[in-house]
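Asks: Sequence and predicted model, in that order:
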Amino acid sequence: MTTINNYRKQPTHHRGGLGMGLMLVFFFIFSLAASAQFSKPRRQYVEYLVTASHPDRNYKTGEHASLTIEAYKGGNALEGVTVYYRCGDEMFLPSAEDSVTFSKGKAVIHVGTRRQPGFMACSLRFSVYGSEYKDLVKVAFSPESIEPFTVMPKDFDSFWQKTLENAKSADLQPVITPLPGRSTDRVEVALVKLTVGPDGRNMYGYLTKPKDGKKHPVLFCPPGAGAKKIEPTTYYSEQGYIYLNICIHSGCNPELSDDLYATARKVADKYERNGIADKESFYYRSVYAGCSRCIDFLCSLPEWDGKNVGVTGGSQGGALTIVTAALNPKVTFCAPFYPALCDLTGFCHGRAGGWPKYFQKGKEADGAEKTLQYYDVVNFARKLKCPVFFSFGYNDDTCSPTSTYGTFNEIKAPKKLAVTPTSGHWRFPETNDEAMEWMGQQAKQ
């Protein structure tokens, strides 16, 4: 009986195994089918490209510019879709829209021309299956001839000399706190607190150094606008630099808890207009001087190679890059990206100015126009003596290319321009790589 029972159970076991196997095969095939049916596309359904009638988007004044939009949906040329657009001088676009229709996948927009050097912009939009596609495209007219409106005050040099002397009257009193949890096997990371001016004015930052016991160039990175927490990066020290990135606002320790930091950062509320009525009280006065003092700190480190000092940053950081390089003669090279605070009275003259776009919406505080002459990056660019790598994009609507190009034109020091017309208020990784290569070449000279 035992033998017969075991015999009868065996076929049953095999039938169950075969059934399970078939189920698994069916499930696998179904999964493949479902995966194929609902897989993520490897391309966008709607793809489009905007090109200018001059491939480099540069025109001479008086020439007429046009844009061609080429668009496809699923690989088929777009047909009958309406493009709505507004064209005009940069940051002075009309409120009313014009329109053009796609035919055989193309739509042409006639932008117009300028009689004076500067930029024109085109804001465009179109919809396909309920999804809206928007873009902002700018073209230049004789950009190498753009002249900023910024006036150089007669006492510019003496004002800043006095300001720097006042800042240097306070000892830096560096407090360096190692952060092993943020360090790597190749890079040492530390929190730094520097006293950069009288009355305890301070700046916090992250200092990173290669762990190889060798001498290295120093590289300073001022921040973009606002008062968000900064973060350390080991990237630059992995490239061989002693690197310092900072927060410009006193008391803003990035290692604080979020709640405590939210309280500390209140010192920065509306800072870009704080004290703007008088050059003596403007908020940026201590910021500019403080950045120069950061260079003094870096050059006091025993690991510094004693020769090479660089500064790099973007937006407000790009502005502070130029300012720091102009104020501190220890700086040997700088690489600003799309700098803010350029040609700040542009809007007073009916032309796009730089961030924070003073006068765009009307009057500022009495005395502001005179104050800004002492803080406009244009005037610091005129003072530069070290080599400069200068980069921005045409489609930037935060720091207008009119203001940044005009600033570049005022630099008399050796300079390299890296323009990427399709970029906005950001940079391509490839442009950053180009800047790194350039800085490396400067540090070897």
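Replies: Sure thing, it's come through.
Asks: From here on, just use CA atoms for contacts and neighbour counts.
Replies: Noted.
Asks: how much space is there between A264 and S250?
Replies: Distance of A264 to S250, given as C-alpha to C-alpha, to the nearest Å: 8 Å.
Asks: before we move on, what about C399?
Replies: 25 Å.
Asks: In terms of neighbours, single out the busier of these two.
Replies: For the pair C399 and S250, the greater number of neighbours falls to C399 (27 against 21), based on other C-alpha atoms under 10 Å.
Asks: Surely that one is in contact with Y358?
Replies: No. Judged on C-alpha atoms under 8 Å, C399 makes no contact with Y358 at a distance of 11.8 Å.
Asks: Identify the residue spatially nearest to V287, adjacent ones excluded.
Replies: In this structure, V287 finds its nearest non-sequential neighbour in I248, 6.1 Å apart by C-alpha to C-alpha, 6 or more residues apart in numbering.
Asks: Could you confirm F389 falls within a strand?
Replies: Yes. F389 forms part of a strand when assessed by DSSP: H, G, I helix; E, B strand; the rest coil.
Asks: elements contacting the helix or strand where A326 lies?
Replies: Using DSSP states H and E, A326 falls within helix 316-327. Applying 3 or more C-alpha pairs under 8 Å, 6 or more residues apart in numbering; DSSP states H and E, we find helix 316-327 packed against helix 284-298, strand 304-314, strand 333-337, helix 377-381.
Asks: orientation of it relative to strand 333-337 in degrees?
Replies: If you take axes from the mean of the first three to the mean of the last three C-alpha atoms, to 10 degrees, helix 316-327 sits at 150 degrees to strand 333-337.
Asks: mean confidence for helix 316-327?
Replies: Mean pLDDT, helix 316-327: 98.
Asks: Would you mind splitting this structure into its domains for me?
Replies: Residue ranges for the domains of the chain, per automatic domain parsing: 46-143, 156-444.
Asks: Please identify the most buried of the ones you listed.
Replies: domain 156-444 (a mean of 20; mean count of other C-alpha atoms under 10 Å).
Asks: Three-state assignment for V192, please.
Replies: Assignment for V192 (three-state DSSP): strand.
Asks: residues contacting it?
Replies: 174-177, 204-207 (C-alpha atoms under 8 Å, 6 or more residues apart in numbering).
Asks: CSV for the residues you listed, including pLDDT?
Replies: CSV is the format used below for these (pLDDT from 0 to 100):
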residue, pLDDT
P174, 98
V175, 98
I176, 98
T177, 98
Y204, 98
G205, 98
Y206, 98
L207, 98
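Asks: of these, closest to A268?
Replies: Set against A268, the nearest of the contacts of V192 by C-alpha to C-alpha is Y204 (14.1 Å).
Asks: just checking, next helix/strand downstream of the host helix or strand of that closest one?
Replies: Using DSSP H and E, Y204 maps to strand 202-210. Later in the chain than strand 202-210, the nearest helix or strand by DSSP H and E is strand 216-221.
Asks: Which strands or helices does the following helix or strand past that following strand pack on?
Replies: Once strand 216-221 ends, the next helix or strand along the chain (criterion: DSSP H and E) is helix 235-238. In terms of contacts (3+ C-alpha pairs under 8 Å, 6+ apart), helix 235-238 is packed against strand 202-210, strand 242-247.
Asks: Give me the distance between L341 and P217.
Replies: 28 Å.
Asks: If you could redo that for P401, that was the one I meant.
Replies: Counting by C-alpha to C-alpha, the gap from P401 to P217 is 31 Å.
Asks: Checking my notes, F159 in a strand, right?
Replies: No. Counting by three-state DSSP, F159 is not part of a strand but helix.
Asks: helix or strand for R86, which one?
Replies: Judged by DSSP H and E, R86 forms part of strand 82-89.
Asks: And that strand, how far out from the chain middle?
Replies: Offset of strand 82-89 from its chain centre (C-alpha atoms, centre = their mean, to the nearest Å): 26 Å.
Asks: Quick one: mean pLDDT for it?
Replies: The model assigns strand 82-89 a mean pLDDT of 98.
Asks: Neighbouring strands - and their directions - for it?
Replies: Partners of strand 82-89 in the sheet, by DSSP bridges, are strand 98-101 (antiparallel), strand 118-128 (antiparallel).
Asks: how about the strands of the stretch 1-150 of the chain, start to end?
Replies: In the stretch 1-150 of the chain, the strands defined using DSSP state E, counting those that start in this stretch lie at 46-52, 58-59, 65-73, 76-77, 82-89, 98-101, 106-112, 118-128, 131-141.
Asks: Next, format these as a markdown table and append distance to P148.
Replies: Below are the strands of the stretch 1-150 of the chain laid out as a markdown table (distance: least, C-alpha to C-alpha, whole Å):
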| stretch | distance to P148 |
| --- | --- |
| strand 46-52 | 26 |
| strand 58-59 | 19 |
| strand 65-73 | 23 |
| strand 76-77 | 44 |
| strand 82-89 | 16 |
| strand 98-101 | 31 |
| strand 106-112 | 23 |
| strand 118-128 | 10 |
| strand 131-141 | 15 |
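Asks: R382 is nearest to which of those?
Replies: Here strand 118-128 is closest among the strands of the stretch 1-150 of the chain (C-alpha to C-alpha), at 19.8 Å.
Asks: who's in contact with the closest one?
Replies: The contact list for strand 118-128, computed with C-alpha under 8 Å, 6+ apart, reads 46, 81-91, 93, 111, 113-114, 132-143, 146, 401-402.
Asks: do stretch 374-385 as well
Replies: 148, 150-153, 156, 279, 284-285, 319, 322-323, 325-327, 340-344, 373, 406-408, 410-414.
Asks: Which helix or strand in the protein has the lowest average pLDDT?
Replies: Scoring the helices and strands of the chain by mean pLDDT, DSSP states H and E places helix 2-38 at the bottom, with a mean of 49.
Asks: How much space separates the spatially closest residue to T431 that is not a sequence neighbour from A365?
Replies: Using C-alpha to C-alpha, 6+ apart and skipping the chain neighbours, the partner closest in space to T431 is A418 (7.5 Å). With distances taken as C-alpha to C-alpha, A418 is found 36 Å from A365.
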